[in-house]
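Asker: here is my input; please provide its structure:
(2 chains)
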There are 2 protein chains.
Amino acid sequence: MLSEDDLVAVIAAVAGAGGAGVDVGIGDDAAVLAGGIVASTDILVDGVHFDSGRHTVGDIGHRAAAASLSDMAAMGAEPLCLLAAFGLPEGFDDVRALASGMAEHGVPLAGGDLSRSDRLLVSVTAIGRAERPVLRSGGRPGDLLVVTGTLGGQAAGGYAARVTPRIAEGRALAAVATAMLDLSDGIATDAGRLAAASGTGAVVELERLPRAPGATVEQAAAGGEDYELLAAVPEGAELPVPVTVVGRLTGDAAVRLLDAEGRERSLRGWDHFA
Amino acid sequence: MLSEDDLVAVIAAVAGAGGAGVDVGIGDDAAVLAGGIVASTDILVDGVHFDSGRHTVGDIGHRAAAASLSDMAAMGAEPLCLLAAFGLPEGFDDVRALASGMAEHGVPLAGGDLSRSDRLLVSVTAIGRAERPVLRSGGRPGDLLVVTGTLGGQAAGGYAARVTPRIAEGRALAAVATAMLDLSDGIATDAGRLAAASGTGAVVELERLPRAPGATVEQAAAGGEDYELLAAVPEGAELPVPVTVVGRLTGDAAVRLLDAEGRERSLRGWDHFA
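Answerer: Sure thing, here's the model as predicted:
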C-alpha cells in the first residue's frame, strides 16, 4: 500500500515538466504561476475528513474552504477566490449551508461544479497572489523553526471545531521566512516535509511546542488538523507576528523529535490516506 | 428536486459579491480574476460521468482534464496549468495512468490532492489566461450562432471516445465572438444558457447542425459531451476558424429549435445532475 506522499511522487513524475506559465509545480503547498499567482486544491470526503453525522453542513463548508485557504497562508499569499466542486448524495440539497460555511472566510466563491456522489464530498481550489511566494524548499541549516498559535487543539477537542487559516500571519511571515508550510498532519510529519524539501535535517523540541488547552505532547506533535503555520526563519530575524520557536533546521539529513531530556521520540503525524 | 442550474443559483446567492480580485464569478464557464486569469473546476464521478468498467483509467484522466480545459477554450483562454483532486477507492492505485491521461493534453499538472472515496472521482481545476475573456453574456440580437466541429458524435458513439478541447479555436474566436460557451450538455440546453446570460432569445435551425457520422438530429442537439464551442458573432464578422452557422440570437426572450419545415421542436440537453 503506497502512502499519500508516495502516490504524489508517482503523479509528479508524469505531470509534465512544468511549462512557461508554471514556476512551482507539485510538491509545495500550492502551485506558483507566472505573476505570483498561487493555487491549491484540497478534497474532503465524508467519513474521511469530516463526519456529516456529527458536523453541521455549515461547519463542513467552512472546514473545506479552510484547508485550501491555509495553503494560501503557507505561501504567504493573499487569497483572491475559491472554486468548489461538490459531490452530493441523493437527498442532500442543503448547498446553501455548504456555500455559506465556505463564504464565512470572506473570500468570494467564484465558481464550481456539482455532481451526484455516494458520500458528501467537497473539493475546494483556492487561488491567490503573493509578492514573494514562500516555498517549502528555502530553509537553511541553522534557521529557527517557529509555529503560529497553539497545537493539538483539534486532536484534544475531537476534531470538532472550525479552524482559522493563518492568512494574515502567513503574509507577515513571508517577509522573513525562508520556508513555510501549514501544519495539516502534525509537526511530527510536516517538519520532516519542510526539511526534506529544503535539503536539511531538523530538530523539534517537543517540550517547546505551544500546546492548546488540554492537549498532550503527542496530540500537539502528531494530532494534525491544526492548520497553524510552521516557518523556518534566519536566527536573529525580526518576527512580525507572535510565534513560538520550537526547534531549528540542521546540516545533516535526520529529523529528530527530542523530549525534555533530549531523548529522541518516535511519533508519526496523521496520514489522511492511510 | 432542484436542477443543477437551480442549485448553482442558490450557491451564487450566498457566494459573496465578488471581491477586488474577481471580475466574473459564478455563472460563466470560468471565473475571471484580475489580470485576465481565468479558472474553472469540474468534478467527474464514476458511474455518473464515466464508467470505470468500460473506460480505461487513462481515458478517465484524459476526459476529466478535457472538461476543465474546454472551459478555458470557451473563455478564449490559454491554459497555464491543471490542479487535480482524486478520490480513490480501496485497491485503486493506478494514479500513474490517471495522471498520464491528464498530461496528454500537454498542460502541466501543477498540483493536487488525494483522498479515499467509495467511487473513483476526479475533480480538475484549470487555470489560464485570456487577453480578452469571452463571457456568455455579451451576445446581441442579430448575432449569428456558430459551432466548431461536429455534434452528436459522443451520443452516437456511446460516449466512449476521448474529446479534444477546442483551445486553439477558442483563442481564435475570442477576436470576434460576443459570447461563447462549450457544448457540454447539448446545444438544446446550452444555446438557452448563452441566450439567457446575454438577455436575448435564440433560434437554432436543427437542419443546419453539423452532425457527426452516424449521429441523429436529436443526438446532435441534445446528446451532450461533444465539447465543441458555441459562439455568438456579429453578422459579417470575419471568422478566423472553420465554423458552421446554426442560428442566431433574437430580440425576444424565447429559445426556439426549428426543424427543416420551420416547426418548433422540443428537445432537452443532458442534465448530469438529474
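Asker: contacts only, for A:Arg166.
Answerer: Contact analysis of A:Arg166 by Cβ atoms under 8 Å, 6 or more residues apart in numbering or on different chains lists A:Ser70, A:Ala73, A:Thr148, A:Gly149, A:Asp182, A:Tyr227, A:Glu228, A:Leu229. Using the backbone N, CA and C atoms, a C-beta is placed for each residue, glycine as well.
Asker: and the helices in chain A?
Answerer: Using DSSP state H, the helices of chain A run over A:4-14, A:57-74, A:95-103, A:153-156, A:167-173, A:187-198, A:217-222.
Asker: tell me which of the contacts of A:Arg166 is nearest to A:Leu82?
Answerer: Of all those, A:Ser70 has the smallest distance to A:Leu82: 12.4 Å, by Cβ to Cβ.
Asker: please report how far that closest one lies from chain B.
Answerer: According to Cβ to the nearest Cβ, to the nearest Å, A:Ser70 and chain B sit 12 Å apart.
Asker: most remote residue from chain A's center?
Answerer: A:Gly91 (32.1 Å; Cα atoms, centre = their mean).
Asker: just to revisit the earlier point, most tightly packed of the helices of chain A?
Answerer: Comparing these by mean neighbour count (mean count of other Cβ atoms under 10 Å in any protein chain shown), helix A:57-74 ranks first with a mean of 27.
Asker: what is the neighbour count of A:Gly199?
Answerer: A:Gly199 is flanked by 13 other residues according to other Cβ atoms under 10 Å in any protein chain shown.
Asker: same for the lengthiest strand in chain A, what does it pack against?
Answerer: With residue count as the measure and DSSP state E as the assignment, chain A has strand A:78-88 as its longest strand. With contacts taken as 3 or more Cβ pairs under 8 Å, 6 or more residues apart in numbering or on different chains; DSSP states H and E, strand A:78-88 sits against helix A:57-74, helix A:95-103, strand A:109-116, strand A:121-129, helix A:167-173, strand B:31-33, strand B:37-45, strand B:121-129.
Asker: quickly, which of the helices of chain A bottoms out on average pLDDT?
Answerer: Sorting the helices of chain A by mean pLDDT places helix A:4-14 lowest, at a mean of 81.
Asker: orientation of that one relative to helix B:95-103 in degrees?
Answerer: If you take axes from the mean of the first three to the mean of the last three Cα atoms, to 10 degrees, helix A:4-14 sits at 40 degrees to helix B:95-103.
Asker: tell me the bridge partners for the residue nearest to the spatial centre of chain A.
Answerer: The centroid of chain A falls nearest to A:Asp182 when counting by Cα atoms, centre = their mean (3.3 Å). Here A:Asp182 sits in beta bridges with A:Leu229, as judged by DSSP bridges.
Asker: show the pLDDT at it.
Answerer: For A:Asp182, the model assigns a pLDDT of 96.
Asker: before we move on, what about A:Met1?
Answerer: So A:Met1 comes in at 55 (pLDDT).
Asker: of the contacts of A:Arg166, which is the nearest to B:Leu206?
Answerer: Proximity of the contacts of A:Arg166 to B:Leu206 was ranked by Cβ to Cβ; the top entry is A:Ser70 with 50.5 Å.
Asker: where are the low-confidence patches of chain A?
Answerer: Filtered on pLDDT under 70, chain A yields the residue ranges A:1-2, A:16-19, A:269-274.
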